[in-house]
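Novice: sequence and predicted structure, then a few things I'm wondering about:
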Amino acid sequence: MPRRTILVVDDDSKTLRLVRHQLEARGYSVSTALSGEKAWARILRSPPAVVLTDLHLRGMDGLELAARIRAEESLRRVAVVLVSGNSSREDRKKARAAGCDAFLAKPVESRRLGRTIARLLGRSGAQGRASQD
């Protein structure tokens with residue numbers, strides 16, 4: 001499997017380590033960011049294949065990060081997965097409106113995470129459809 005970079009964004013370092021471990025065990029190259037601002041700077045420098053971002057971040061939240069990615073023509077092929085501890089219908093609607101490709105509820109089950117990432121990496125230019133994985 002070719003190694004494709006996934007950027008994981010969460011302000012909880014324990015969550016970052018856990019998700020990073022799960023994805024690296026599946027053969028993916030993973031980078032992390034503790035804030036939306038740091039993630040945005042990293043994305044502009046070196047766009048990942050997938051951004052997996054928590055909804056609730058201090059400063060720039062996951063929705064704003066997703067919207068910024070979608071607003072940049074050069075980043076339209078970057079898949080965005082929004083993760084939230086609150087899986088309300090309203091959060092899912094907001095994720096779709098921001099252009100997210102998928103929505104995962106916390107705690108994220110390892111197999112569901114793996115299936116979602118594999119599906120997103122298997123298609124090109126997927127955007128604007130927040131699945132209910």
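Specialist: That came through fine.

Novice: residues contacting the closest residue to residue 74 other than its chain neighbours?
Specialist: Leaving out its chain neighbours, the residue that sits closest to residue 74 by CB to CB, 6 or more residues apart in numbering is residue 47, at 7.4 Å. Backbone N, C-alpha and C define where each C-beta goes, glycine included. Contacts for residue 47 (CB atoms under 8 Å, 6 or more residues apart in numbering) come out as 74, 75, 78.

Novice: try residue 8
Specialist: 16, 19, 20, 23, 30, 31, 32, 33, 52, 53.

Novice: check which helix or strand covers it.
Specialist: strand 5-9 (DSSP states H and E).

Novice: related to what we said a few turns ago, so which of the contacts of residue 8 belong to strands?
Specialist: 30, 31, 32, 33, 52, 53 (DSSP state E).

Novice: may I have the beta-bridge partners of the fifth one?
Specialist: Here residue 52 shows beta-bridge partners residue 8, residue 81, assigned using DSSP bridges.

Novice: could you check how far the residue positioned nearest the centre of the chain is from residue 16?
Specialist: Here the mean C-alpha position of the chain is nearest to the C-alpha of residue 52 (CA atoms, centre = their mean), at a distance of 1.7 Å. Using CB to CB, to the nearest Å, residue 52 is found at 10 Å from residue 16.

Novice: with residue 40 instead?
Specialist: For residue 40, the distance to residue 16 - CB to CB - is 16 Å.

Novice: who does the helix or strand bottoming out on mean pLDDT in the chain touch, helix- and strand-wise?
Specialist: None of the helices or strands of the chain scores lower by mean pLDDT, DSSP states H and E than helix 89-98, at a mean of 92. If you count contacts as 3 or more CB pairs under 8 Å, 6 or more residues apart in numbering; DSSP states H and E, helix 89-98 packs onto helix 62-71, strand 79-84, strand 102-105.

Novice: surely residue 80 touches residue 103?
Specialist: No. The pair formed by residue 80 and residue 103 falls short of the contact definition of CB atoms under 8 Å, at 9.9 Å.

Novice: residues making contact with the strand or helix carrying residue 111?
Specialist: Using DSSP H and E, residue 111 sits within helix 110-121. Applying CB under 8 Å, 6+ apart, the contact partners of helix 110-121 are 4, 6, 19, 22-23, 26, 28, 49-50, 52, 79, 81, 101-102, 104, 126, 131, 133.
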